[in-house]
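Visitor: What follows is a protein structure lacking sequence information:
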């Protein structure tokens, strides 16, 4: 795997990946971090792959523009929290404080992103634990533990021993979306699959879930644009 750049305004970083299984050149743009990966057959000349990328440049730029730029978390910036945008302001004292439409973060400006990220993780843990407790009680199945991560490929998971894992970025989504993901993973305590019985279980403990599921599919990737 190597890296190069597709010239232009602005230049586009490319990741070149050779694969013994590839029979043709393919392009993939990650909606999570905007990385452009060019996969090519193992013995293909690199210049042919780059010519392919130049041919597809309008398509690449269109998709990158639709994704939007990454957002560095800093004073004066706004981030989604509970599904609404709040402004990051300088705080006083020792703890992060949430207001009506702003969040105040104390400490050195260079530490604002890290400090706010840590606060959001604790808020997410509290909110998810409460939701999981409620849904597990409705289901009649206990879970063993909850862990939080900054996952890219999934919003949650459930293991056979009842351990639940969630992305802490769910705290940035609307509350009903966070609740849906909690109910989804708790429902796996009874059904470790996505059978009709599983979805019936989700609906029994959560209620109609299609709107929340649709929001996550349409808007969820944008939560990864915020860089703490």
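Guide: Everything's here; your move. Since we're looking at a predicted model, the values are computed, not measured. Numbering: from 1, shown residues only.
Visitor: other SSEs contacting the longest helix seen in the chain?
Guide: In the chain, taking DSSP state H as the definition, the longest helix is helix 112-139. With contacts defined as 3 or more C-beta pairs under 8 Å, 6 or more residues apart in numbering; DSSP states H and E, helix 112-139 has these neighbours: strand 102-105, strand 145-149, strand 163-167, helix 175-187, helix 196-206. Where you see a C-beta, it was placed from the backbone N, CA and C, and this is true even at glycine.
Visitor: Ok, which of those comes nearest residue 89?
Guide: strand 102-105 (4.9 Å; C-beta to C-beta).
Visitor: How many residues are close by the closest residue to residue 191 other than its chain neighbours?
Guide: Sequence neighbours aside, residue 198 is the residue nearest to residue 191 in space, at 3.8 Å (criterion: C-beta to C-beta, 6 or more residues apart in numbering). For residue 198, the number of neighbouring residues by other C-beta atoms under 10 Å comes to 16.
Visitor: cool, and residue 161?
Guide: So residue 161, with other C-beta under 10 Å, has 8 neighbours.
Visitor: and the residue nearest to it when sequence neighbours are not counted, what pLDDT?
Guide: Among residues not flanking residue 161 along the chain, residue 144 sits closest, at 5.8 Å (C-beta to C-beta, 6+ apart). Here, the pLDDT recorded for residue 144 equals 98.
Visitor: Likewise for residue 153?
Guide: The model's pLDDT for residue 153 equals 79.
Visitor: how close does residue 110 get to residue 77?
Guide: 14 Å (C-beta to C-beta, to the nearest Å).
Visitor: between the two, who's got more neighbours?
Guide: More neighbours surround residue 77 than the other of residue 110 and residue 77, with 14 against 9 (other C-beta under 10 Å).
Visitor: Now for that one: which residues touch it?
Guide: Shown in contact with residue 77 (C-beta atoms under 8 Å, 6 or more residues apart in numbering): 71, 87-88.
Visitor: TSV for those, including secondary structure and pLDDT?
Guide: Formatted as TSV, those follow (DSSP: H, G, I helix; E, B strand; the rest coil; pLDDT from 0 to 100):
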residue	secondary structure	pLDDT
71	strand	91
87	strand	98
88	strand	98
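Visitor: Can you lay out those as JSON lines showing distance to residue 8?
Guide: Formatted as JSON lines, the contacts of residue 77 follow (distance: C-beta to C-beta, whole Å):
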{"residue": "71", "distance to residue 8": "23"}
{"residue": "87", "distance to residue 8": "34"}
{"residue": "88", "distance to residue 8": "33"}
